[in-house]
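**Q** Sequence first, predicted model second:
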Amino acid sequence: MKRPGSKNNVNNNSATADDANSSVVVEQKPKIELRKEIGVMQGVGIIIGIIVGSGIFVSPKGILQESKSVGLSFIMWAVTGVFSALGAICYAELGTTIPRSGGEYIYVLQVLGPLPAFLVLWITFVAIGAVSTAANSLLFAKYCLTPLFVGCEVPEYLTRMTAFLSVAMLCAINCINVKLATKTAVVISVCKVSALVIITVIGFYYFGQGKTENFENSFEGSDYGLGTISAFYQGFWAFAGWNYLNFLTEEMKRPSRSLPLAIIISLSLITVIYVTANLAYLAVLTPDQLIASHAVAVTFAEKTMGAGAFVMPLFVAIAIFGSMNGEVLSMSRAAFTGAYEGHFPTALAMVSAKRLTPMPSVLFMGICTLVFQQLFTNQLDYLIELTGFAFMAIILLAIGCLLVLRVKHPELPRSLKLPLPIPILLFIITSFICIITLVKSPKESLISICVMLTGLPFYFVGVVWKRKPASLQGKFDKLTEFVQKFLLVLPQEKPLD
């Protein structure tokens with residue numbers, strides 16, 4: 001029998017102590033990876049938060065103006081809602097077939113290769129994401145400050161400062177905690193829906209008072225030619241954003257279930273909300289008044305809410321803020337995935353060691369947004385218009401990837417598998433929209449293609465050029481090291497595959 005103080009006992013005790021200590025370390029030190037914080041409810045909040053932005057509050061006049069009649073405009077709202085829902089379900093199949101974050105970028109990368117994938121990432125992140133967020137931040141500032149400057153112009157420096165602070169606040173939220181960002185999305189979505197419910201209730205009250213004259217002869221003067229196509233195009237953009245949840249697939253709990261459910265619930269709810277809100281608007285405003293209004297919800301409130309009308313610009317501001325939050329949340333993941341694949345700087349694929357958020361990619365998104373915000377204040381709407389053709393081309397590529405996967409890789413597990421005619425029909429319709437856009441706006445479409453191709457020099461320098469001079473590579477490495485030390489970030493521990 002050994003003594004309590006014998007060597008073997010000491011070693012055993014040390015081993016036990018070491019095991020205990022290592023156990024404590026494992027428990028206290030979380031894995032460096034993005035957490036799965038997004039469930040069905042958060043997914044619904046994110047989609048509603050992105051889609052229900054300024055459009056339904058500010059300018060739902062587009063469809064009415066193009067279709068030339070109240071009756072046809074409602075048909076187009078319903079048709080574009082169904083089309084968007086089917087497109088989103090196709091994306092749900094893509095997201096469950098390739099369960100990776102990054103949206104269209106990762107699907108094109110897997111199916112078509114690195115060059116087209118990089119160009120998709122370039123236009124999605126730089127042009128669509130950063131430019132749209134910059135434009136929304138300035139619009140947010142306008143609606144926040146307008147109630148404070150009744151009867152006079154809001155000073156430009158104050159608009160810029162408010163826009164800057166809104167972007168900074170959203171970047172801070174998204175850097176601190178993913179759950180905080182998703183909770184913000186849910187809270188804001190509730191506020192948006194509540195505002196639209198208020199509008200709907202007031203509108204239906206007017207219906208009850210017999211205000212139905214705007215719906216008499218509702219199809220009179222309808223434009224069934226080019227106007228129908230233009231109205232569809234306007235409606236499609238009103239639903240833009242349904243693809244953004246696919247940028248967050250890896251952070252979803254049980255994505256094979258949560259992604260399709262969140263998409264179906266949110267798109268169904270949004271379609272109903274859009275149709276009923278437009279019914280309410282037209283119960284109070286004539287078609288001419290609706291088309292002439294710069295902010296329909298504000299005009300509606302001024303006619304119906306009396307002294308309480310001042311809250312409507314604030315609701316519009318909240319709606320825009322929610323869209324910005326969704327864009328920062330989603331687009332930062334595009335940069336994160338692109339960096340992991342070697343298409344963006346390495347530092348953007350790192351995770352905060354303390355917060356477990358993609359802090360560098362969030363801050364990079366914020367910086368790009370602020371650059372556009374400050375340099376192109378008066379051209380942002382035009383820049384967004386220029387990306388229209390590229391955006392439709394990206395959707396077309398994604399649906400094409402779905403069809404290629406069906407043909408070449410039928411063996412891949414799919415928790416959601418749509419009847420094949422659905423993606424084929426969507427591919428045909430999207431191709432038709434791209435052709436119409438090219439014919440209707442050839443100059444803007446060609447410029448849009450040129451904007452996409454501006455990514456080529458960055459691709460060849462950053463991706464293709466492997467043997468860079470040691471001095472240049474050393475500077476890149478020092479920059480990555482600085483970002484790591486300054487932000488306390490590390491590469492993600494688990495592979496994304």
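**A** Cool, the structure landed.
**Q** make it CA atoms for all contacts and neighbour counts henceforth
**A** Noted.
**Q** just checking, what packs against the strand or helix carrying S361?
**A** Mapping S361 onto the secondary structure by DSSP states H and E places it in helix 359-375. When contacts are defined as 3 or more Cα pairs under 8 Å, 6 or more residues apart in numbering; DSSP states H and E, helix 359-375 packs onto helix 131-145, helix 156-176, helix 311-340, strand 350-352, helix 470-487.
**Q** okay if I get the ones you listed as CSV plus distance to K303, mean neighbour count and mean pLDDT?
**A** Output for those, formatted as CSV (distance: least, Cα to Cα, whole Å; neighbours: other Cα atoms under 10 Å; pLDDT from 0 to 100):
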stretch, distance to K303, mean neighbour count, mean pLDDT
helix 131-145, 18, 24, 87
helix 156-176, 27, 19, 92
helix 311-340, 12, 26, 89
strand 350-352, 50, 26, 92
helix 470-487, 51, 13, 92
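**Q** TSV please, covering these and showing distance to V186.
**A** As requested, the helices and strands packed on helix 359-375 are arranged in TSV below (distance: least, Cα to Cα, whole Å):
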stretch	distance to V186
helix 131-145	18
helix 156-176	14
helix 311-340	9
strand 350-352	24
helix 470-487	28
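**Q** looking at the ones you listed, which is closest to F207?
**A** Closest approach to F207 among the helices and strands packed on helix 359-375 is made by helix 311-340 (21.1 Å; Cα to Cα).
**Q** buried sites along the helix holding S361?
**A** Buried residues in helix 359-375, counted by 16 or more other Cα atoms under 10 Å: 359-370, 372-373.
**Q** So which of the helices and strands packed on helix 359-375 is nearest L115?
**A** Closest approach to L115 among the helices and strands packed on helix 359-375 (Cα to Cα): helix 311-340, 12.0 Å.
**Q** now the angle between helix 359-375 and that closest one, please.
**A** Here the directions of helix 311-340 and helix 359-375 differ by 130 degrees (axes from the mean of the first three to the mean of the last three Cα atoms, to 10 degrees).
**Q** thinking T369 is in contact with A127, fair?
**A** No. The pair T369 and A127 does not pass the contact test of Cα atoms under 8 Å, sitting 9.7 Å apart.
**Q** ok so, going back, minimum distance to Y105: which of the helices and strands packed on helix 359-375 has it?
**A** With Cα to Cα as the criterion, Y105 lies closest to helix 311-340 of the helices and strands packed on helix 359-375, at 7.5 Å.
**Q** Next, the angle helix 156-176 makes with that closest one.
**A** Angle, helix 311-340 to helix 156-176, by the same axes, to 10 degrees: 50 degrees.
**Q** Return the distance of helix 311-340 from the chain's centre.
**A** Distance of helix 311-340 from the chain centroid (Cα atoms, centre = their mean, to the nearest Å) equals 6 Å.
**Q** okay, now I291: neighbour count?
**A** Neighbours of I291 under the rule other Cα atoms under 10 Å: 18.
**Q** if I pick it, what's in contact with it?
**A** With contacts defined as Cα atoms under 8 Å, 6 or more residues apart in numbering, I291 is in contact with 61-62, 64-65.
**Q** For it, grab phi and psi.
**A** Dihedral pair for I291: phi -70, psi -40, per degrees, to the nearest 10.
**Q** how close does it get to G203?
**A** With distances taken as Cα to Cα, to the nearest Å, I291 is found 17 Å from G203.
**Q** excluding its backbone neighbours, what's nearest F140?
**A** Of all residues not flanking F140 in the chain, A317 sits nearest, at 4.9 Å (Cα to Cα, 6 or more residues apart in numbering).
**Q** Distance of the one you found relative to V404?
**A** Taking Cα to Cα as the measure, A317 falls 42 Å from V404.
**Q** Okay, buried residues for stretch 84-104 please.
**A** Under 16+ other Cα under 10 Å, the buried positions of stretch 84-104 are 84-104.
**Q** Pretty sure P99 sits in a helix.
**A** No. Counting by DSSP: H, G, I helix; E, B strand; the rest coil, P99 is not found in a helix; it is coil.
**Q** That one reaches E251, doesn't it?
**A** No. Using Cα under 8 Å, P99 is not in contact with E251; the gap is 10.1 Å.
**Q** what's the weakest-modelled helix or strand in the protein?
**A** For the chain, counting by mean pLDDT, DSSP states H and E, helix 7-28 ranks last in confidence among helices and strands (a mean of 45).
**Q** Run through who's touching the following helix or strand past that helix.
**A** Tracing the chain past helix 7-28, the next element assigned as helix or strand by DSSP H and E is helix 40-51. With Cα under 8 Å, 6+ apart as the test, helix 40-51 has contacts from 182-183, 185-189, 238-242, 244-245, 258-259, 261-263, 265-267, 270, 319, 322-327.
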